[in-house]
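Asks: Below: sequence and its predicted model.
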Amino acid sequence: MSLPADDAPVSPERLDQVLAAAVAAGLLPATAQPPPQDTRPWPVVLLTALGAWLAAVPLLGAVGLFLGEWMFQGAAVYLVAAGVLGLAVAGLRRRGLPLFLEQLAVPALLVGGSLLAYALRRDLPQREAPALLALVAAGLAAGIPRPWIRVLLGAGAAVLTALVCVPVWWMPGNPLPFWWAWHLCVACWLAALGWQHRMLAVPSPPVHWAAALEPFAAGWGLATLVGLAWWSGMAFLVGASLGGGWFGVVAHELGRPGSAGAYLVPPLLSVALMLAATLWWARCWPGLRRPWIAGLALGGLLLAWFLPALGGAALILACGATRAQWRLAGAAAVAVAWILGSFYYTLQWPLAAKAGVLVLAGAVLAVLAGVVQRQAARPAPAGPALPAARRMRAGIALSAVAVLAVANLGIWQKEDLIAHGQPVYVALAPVDPRSLMQGDYMQLSFRLPDDVQVGPEGMLSANRPRVVARRDARGVATLLRLDTGAALAADELRFELTPKNGHWALVTDAWFFKEGEAERWARARFGEFRVDAEGRALLVGLRGANLQAL
């Protein structure tokens, strides 16, 4: 009997150790032998794959032109999709196939899956199509002995399952259906782990199926973590720290705050999942059964109540770490950190209340750190510090310096623009201010030229569009046209636009203020900006009808 083949490189010594441990545990018979290892150099595989992709594009295009419109009519598209998928699976399953043909099967798999998705979306209702596609992805994962492809198919199946759970009547303003959808994916992932454990516990375990399920479940878990982080919204200062490039734009637009509002079930379930994660940690790692760890657990339960996506991510982190799935655990740790950072954007909370919660959490952590330090205090022999301790302290110091550098660089840039930028006033578009008051901010809208009211094209570009404005003697600017790079008149200047919520805005679309000051800012008629020669602008205040300060 042989172990299932795996594309991941494993040293012969490590493979022999794992095989001996499996035989000793009764999972494999004494006659089990390691599978043949793939010794092809990865640069050769990479270059061959690139050549296969370059060859697949014209080949598939020629086949599509030959079949013409017949391929998309009636049941013909199903026949074509099934044939392409069958050839792809056969190529990826066959051992000893030339490397070029093996890599050619990967784009064929994508084309067949895309054709099948098109046909099912055309012929089936909204829910049935992704449900059937998820089952097809699971079947392909069972038939293709390639771990990395199984990871991708698992991620795709998780996203399709989440789409199945979203009702037809779902409206974008209601985030709760997606919360339920991603937590159903968490439940499916836990069920798969339980099924795998039960399969390996029988006298003659089906090792092949357990090994096939491992990468599929890993991909499913990764997609679920991304979904939970997306649902929670943007994390604390991430977009501001990344600047104005395309990566910063993606961070700004990645999801909206996914508060569950007045619903009680999401916080309760999040707390329950966080409790399950805590108990699982304590069960698998007895060294964590200490009083100060209980204090951290209580803090986690409190945060899980306010952040309904936190419990599911924490449970995936606990399961991944205790099962030594360090890549999955690392991704879960990033998701947990992201969800914690989204607390900053919980706008239904007053800013002072959020600051109080964070200060209280910091104080509790400081007390627990003091308790741990006193418990661990022992007379240490004189001598130089251990290299590991020195590296740890150096890492902490460098991290602190990096955080301070990024934060202070952003502060310095804004302060420099405020000090040296030209004062300019731009009229607000006519709105009813009372309908714009939401919590502690006011949504803004500035008059823009008609030719900049475009869609999201170019929002991922590193170069943002700019508009040309004419400034009068009072400093009031009238936005005229998109900037084409032509020379400006003496009374003209440039404004750089910013992507906000799928459209272009003048610097920002919100003005934040202290609670209870809505009536004061409702009299605003102009936005006060500071603008430099390159068009970079910053909103520094609002002015009244006669440009008086409010």
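Replies: Perfect, thanks for sending it.
Asks: Mind checking which residue lies nearest the centre of this structure?
Replies: residue 226 (4.2 Å; CA atoms, centre = their mean).
Asks: That one: what's it in contact with?
Replies: residue 335 (CB atoms under 8 Å, 6 or more residues apart in numbering). C-betas here are computed from N, CA, C, even on glycine.
Asks: name the element it belongs to?
Replies: Residue 226 belongs to helix 207-232 when assigned by DSSP states H and E.
Asks: ok now that helix, how far from the chain's centre?
Replies: Relative to its chain's centre, helix 207-232 lies at 14 Å (CA atoms, centre = their mean, to the nearest Å).
Asks: List the buried residues in that helix.
Replies: Using 16 or more other CB atoms under 10 Å as the test for burial, helix 207-232 gives 207, 210-232.
Asks: what's the answer for stretch 390-404, then?
Replies: Per 16+ other CB under 10 Å, stretch 390-404 contains no buried residues.
Asks: Over to stretch 490-499?
Replies: Going by neighbour count (16+ other CB under 10 Å), the buried part of stretch 490-499 is 492, 493, 494, 495, 496, 497, 498, 499.
Asks: Tell me which residues touch the closest residue to the third one other than its chain neighbours, please.
Replies: Distances taken as CB to CB, 6 or more residues apart in numbering put residue 535 closest to residue 494, at 3.5 Å, once the chain neighbours are dropped. Residues in contact with residue 535 (CB under 8 Å, 6+ apart) are 466, 483, 493, 494, 495, 496.
Asks: ok, 7 Å please
Replies: 466, 494, 495, 496 (CB atoms under 7 Å, 6 or more residues apart in numbering).
Asks: Among those residues, name the ones in strands.
Replies: 466, 494, 495, 496 (DSSP state E).
Asks: ok, residue 202 to residue 290 distance?
Replies: 36 Å (CB to CB, to the nearest Å).
Asks: same check, this time on residue 126
Replies: Distance, residue 126 to residue 290, by CB to CB: 50 Å.
Asks: same deal with residue 230?
Replies: 35 Å.
Asks: just residue 516 next, same as before
Replies: 45 Å.
Asks: do residue 58 as well
Replies: 64 Å.
Asks: How about residue 508: what's its closest non-neighbour residue?
Replies: Residue 508's closest residue in space is residue 539 (CB to CB, 6+ apart), at 5.4 Å.
Asks: which SSE is that neighbour in?
Replies: Using DSSP H and E, residue 539 falls in strand 537-543.
Asks: Contacts for stretch 46-55 next, please.
Replies: By CB under 7 Å, 6+ apart, stretch 46-55 touches 99, 100, 103, 104, 107.
Asks: swap in stretch 312-321?
Replies: Residues contacting stretch 312-321 (CB under 7 Å, 6+ apart): 182-183, 186, 193, 221, 224-225, 228, 273-274, 276-277, 280-281, 300, 328-329, 332-333, 335-336, 339.
Asks: mind exporting it as PDB, just the C-alpha atoms?
Replies: The C-alpha trace of stretch 312-321 is given here as PDB (Å, rounded to 0.1, in the frame of the first residue of the first chain):
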ATOM      1  CA  GLY A 312     -15.600  32.000  13.700                       C
ATOM      2  CA  ALA A 313     -12.100  33.200  12.700                       C
ATOM      3  CA  ALA A 314     -10.800  32.500  16.200                       C
ATOM      4  CA  LEU A 315     -12.100  28.900  16.100                       C
ATOM      5  CA  ILE A 316     -10.400  28.300  12.700                       C
ATOM      6  CA  LEU A 317      -7.200  29.700  14.300                       C
ATOM      7  CA  ALA A 318      -7.500  27.400  17.200                       C
ATOM      8  CA  CYS A 319      -8.200  24.300  15.100                       C
ATOM      9  CA  GLY A 320      -5.400  25.100  12.600                       C
ATOM     10  CA  ALA A 321      -2.700  25.800  15.200                       C
END
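Asks: So for that stretch, mean pLDDT?
Replies: For stretch 312-321, the mean pLDDT works out to 93.
Asks: What of stretch 297-309?
Replies: 85.
Asks: Tell me the buried residues in it?
Replies: Buried residues in stretch 297-309 (16+ other CB under 10 Å): 297, 300, 301, 302, 303, 304, 307, 308, 309.
Asks: Which residues does it contact?
Replies: By CB under 7 Å, 6+ apart, stretch 297-309 touches 179, 228, 231-232, 258, 260, 266-267, 270-271, 274-275, 278, 310-311, 314, 339-340, 342-343, 361, 364.
Asks: so how far is the helix or strand containing residue 415 off the chain centroid?
Replies: Per DSSP H and E: residue 415 is located in helix 387-420. When C-alpha coordinates are averaged (CA atoms, centre = their mean), helix 387-420 and its chain have centres 25 Å apart.
Asks: Tell me which other helices or strands that helix touches.
Replies: Applying 3 or more CB pairs under 7 Å, 6 or more residues apart in numbering; DSSP states H and E, one finds that helix 387-420 contacts helix 238-242, strand 537-543.
Asks: Confidence-wise, which of these is weakest overall?
Replies: Of all those, the segment with the smallest mean pLDDT is helix 238-242, scoring a mean of 49.
Asks: still on that earlier bit, does the residue nearest to residue 494 belong to a helix, a strand or coil?
Replies: In the three-state summary, residue 535 is assigned as coil, counting by DSSP: H, G, I helix; E, B strand; the rest coil.
Asks: Report the next helix or strand after the strand or helix carrying residue 281 in sequence order.
Replies: Assigned by DSSP H and E, residue 281 belongs to helix 265-284. Later in the chain than helix 265-284, the nearest helix or strand by DSSP H and E is helix 291-306.
Asks: Now do that next one against helix 265-284, angle only.
Replies: If you take axes from the mean of the first three to the mean of the last three CA atoms, to 10 degrees, helix 291-306 sits at 160 degrees to helix 265-284.
Asks: Flag every buried residue along the helix holding residue 281.
Replies: Neighbour-count burial for helix 265-284 [16+ other CB under 10 Å]: 266-267, 269-271, 273-278, 280-282.
Asks: Which two of those have the greatest separation?
Replies: Farthest pair in the buried residues of helix 265-284 (CB to CB) is 266 and 282. Separation: 24.9 Å.
Asks: Same list, the buried residues of stretch 297-309, but as JSON lines with distance to residue 131 please.
Replies: Putting the buried residues of stretch 297-309 into JSON lines (distance: CB to CB, whole Å) gives the following:
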{"residue": "297", "distance to residue 131": "37"}
{"residue": "300", "distance to residue 131": "34"}
{"residue": "301", "distance to residue 131": "35"}
{"residue": "302", "distance to residue 131": "37"}
{"residue": "303", "distance to residue 131": "34"}
{"residue": "304", "distance to residue 131": "30"}
{"residue": "307", "distance to residue 131": "30"}
{"residue": "308", "distance to residue 131": "25"}
{"residue": "309", "distance to residue 131": "24"}
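Asks: Nearest to residue 391 among the residues you listed?
Replies: residue 300 (28.2 Å).
Asks: Distance check, that closest one against residue 231.
Replies: Separation of residue 300 from residue 231 (CB to CB): 19 Å.
Asks: do residue 278 as well
Replies: In terms of CB to CB, residue 278 sits 22 Å off from residue 231.
Asks: What's the local residue count around residue 288?
Replies: The tally of other residues near residue 288 (other CB atoms under 10 Å) stands at 15.
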